[in-house]
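J.: With the sequence up front, the predicted model follows.
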Amino acid sequence: MNKHDPGGPEAKLHYGDNEISILRQGLFVRCAVSGERIPLDELRYWNVDLQEAYRGPEEAQSRWRELNRSKS
């Protein structure tokens, strides 16, 4: 199995300030906004407080706006 396989297990991670810890081995995590698969070696955006992963900066910003809109 490799990162391009359509199957394979989903990883479970703990998101820290500058690092992630693998709690369960896997090939990918899912974006909290889009639901897309994110191969672990492509994961660059996450939220420590919410323990969520994001596919890219657009998804991270979308989630930030959503959370801050509800605080207004």
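T.: Received the coordinates, thanks.

J.: Sketch out the helices for this protein, chain order is fine.
T.: With DSSP state H as the criterion, the chain has helices at 57-69.

J.: Give me the helix or strand of it that scores worst on average pLDDT.
T.: Counting by mean pLDDT, DSSP states H and E, the chain has its least confident helix or strand at helix 57-69, which shows a mean of 95.

J.: list the helices and strands that one packs on?
T.: Helix 57-69 is packed against strand 45-47, strand 52-54, with contacts defined by 3 or more C-beta pairs under 8 Å, 6 or more residues apart in numbering; DSSP states H and E. The C-beta positions use only the backbone N, C-alpha and C, and glycine is treated the same way.

J.: now do 7 Å
T.: Helices and strands touching helix 57-69, by 3 or more C-beta pairs under 7 Å, 6 or more residues apart in numbering; DSSP states H and E, are strand 45-47.

J.: Can you tell me the strand partners of the strand it packs on and which way each runs?
T.: Here strand 45-47 is paired, per DSSP bridges, with strand 52-54 (antiparallel).

J.: Please tell me how far the residue sitting nearest the centre point of the chain sits from residue 23.
T.: Centroid-nearest residue in the chain: residue 53, 1.7 Å away (criterion: C-alpha atoms, centre = their mean). Distance of residue 53 to residue 23, given as C-beta to C-beta, to the nearest Å: 13 Å.
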